[in-house]
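Peer 1: How does the following fold in three dimensions:
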Amino acid sequence: MITPQTFTNIATQIRTATRQPFEVAGTRSVAGGDINSAFILQGKQKNYFVKLNRAELVEMFAAEFDGLHALAQTHTLQTPTPIVFGQADKVSFLVLDYIEFGRMTATAQRQLGEQLAALHQKKQPYFGWRRDNTIGSTPQSNTRTHDWVTFWREQRLGFQLKLLAQKGYNSTLQQLGEKLCARLDDFFTDYTPSPSLLHGDLWGGNVACDTQQRPVIFDPACYFGDREADLAMTELFGGFGGDFYPAYRSVWALDAGYSTRKTLYNLYHILNHVNLFGAGYERQALQMMEQLLSA
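Peer 2: Purely as a prediction, here's the structure:
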C-alpha cells in the first residue's frame with residue numbers, strides 16, 4: 001500500500017544517492033503504463049519521476065536502472081538519469097530525473113532516427129546482456145552467446161513459447177512455433193547481424209521529446225542484439241513519424257531482408273502480449289507465424 005510515509009522514505013534514499021537536500025512538497029499521479037504505478041515527486045527546487053511496484057519486483061527496477069545507465073554511457077540518445085532504486089514500505093521503487101515532455105516535431109523525429117542509428121553502431125562483443133531483465137513484467141533471458149540465430153531461437157521465441165505452454169497454449173501455436181524455430185536459419189542465409197546495444201522495448205509509448213524538442217527514450221529492456229529488432233518494434237504499434245525512418249537509413253542503411261525479418265522480430269512481442277494480456281493476441285501471433293513459414 002502506498003502512503004505518504006512511502007514517499008518520505010523514498011525521499012530519504014534520494015538524499016543519500018544524490019547527497020543533495022530534498023523534501024517532498026507534493027506528489028502527482030501520472031500514467032505509468034500497464035505494469036507500474038507512477039508519480040511525480042515534487043520538491044522546492046527539483047522534481048523526480050518515481051515508479052512503484054510490488055516489493056518482490058525490485059530486480060525489475062534494478063535491471064531498468066542498469067539499462068538506462070548503459071544507454072546514457074553511449075552519449076547518443078537522451079534518457080532520464082536514474083537516481084536510485086530499492087524498497088520502501090513493502091513496495092519497490094525506481095527514481096529518475098524528471099523530464100518535462102514537449103510536442104514531438106519532425107525535427108525531433110529526424111534526430112531520433114539519426115541518434116538511434118548512432119546507438120546501434122556502438123560495437124559490442126556478444127549477443128545477450130550482463131544480466132537478465134524483463135519485457136513488460138515477463139522475464140527476459142539474456143544469456144551471452146556469439147550466435148544470433150541460437151539466441152533468438154532459444155532466448156526469445158523459444159522462451160515465450162515455453163511460457164505459453166505452461167499456461168495451456170499447447171495446440172496450433174506451439175506446432176507452428178516449433179516449425180518456425182527449426183527454420184530460423186533460412187532468414188539469415190545472406191545476412192549476418194552484429195551485436196548492437198538495443199533499447200529492447202522501442203514502441204511509441206517509450207519515446208518522447210523534451211520541451212526543447214530533443215528526443216528522449218525510456219523504459220528500456222536492454223540487450224545486445226540485431227539492430228533490426230529495435231527498428232521492427234517501431235513499426236509494430238506506430239507512433240514514429242515519416243521523418244524517423246529516412247533519418248535512420250541516412251546514417252546506416254538496412255539490409256533488403258529486413259522487410260521479412262521485422263515480422264520475425266515482432267512475433268516475439270506479440271507472443272509476449274499473449275503471455276501478458278491473454279488470447280486476444282493469439283490470432284495475430286498465428287498469422288505472423290503462417291506468414292513467416294510461407295516466406
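Peer 1: Can you pull the domain assignment for this protein?
Peer 2: Under the assignment automatic domain parsing, the domains of the chain span 4-97, 106-294.
Peer 1: Pull up the distance across the first one, start to finish.
Peer 2: Right, the one you point to is domain 4-97. Length of domain 4-97, first residue to last, C-alpha to C-alpha, to the nearest Å: 20 Å.
Peer 1: ok, now stretch 273-285?
Peer 2: Across stretch 273-285, first to last residue, C-alpha to C-alpha, it's 9 Å.
Peer 1: Equivalent analysis for stretch 274-281, please.
Peer 2: End-to-end distance of stretch 274-281 (C-alpha to C-alpha): 5 Å.
Peer 1: For it, give the mean pLDDT please.
Peer 2: When the per-residue pLDDT values of stretch 274-281 are averaged, the result is 93.
Peer 1: those helices in the stretch 101-250 of the chain, which residues are they?
Peer 2: Along the stretch 101-250 of the chain, the segments classed as helices by DSSP state H, counting those that start in this stretch run 106-120, 148-151, 158-166, 172-182, 227-236, 244-251.
Peer 1: so where's the stretch 101-250 of the chain uncertain?
Peer 2: Across the stretch 101-250 of the chain, not a single residue meets the criterion (pLDDT under 70).
Peer 1: related to what we said a few turns ago, dump the helices of the stretch 101-250 of the chain to TSV, plus distance to Pro215 and mean neighbour count.
Peer 2: C-betas here are computed from N, CA, C, even on glycine. Output for the helices of the stretch 101-250 of the chain, formatted as TSV (distance: least, C-beta to C-beta, whole Å; neighbours: other C-beta atoms under 10 Å):
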stretch	distance to Pro215	mean neighbour count
helix 106-120	4	21
helix 148-151	27	19
helix 158-166	29	17
helix 172-182	34	16
helix 227-236	12	22
helix 244-251	9	17
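Peer 1: can you put those in TSV and add distance to Thr74?
Peer 2: What follows is the helices of the stretch 101-250 of the chain, written out as TSV (distance: least, C-beta to C-beta, whole Å):
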stretch	distance to Thr74
helix 106-120	5
helix 148-151	20
helix 158-166	27
helix 172-182	32
helix 227-236	13
helix 244-251	14
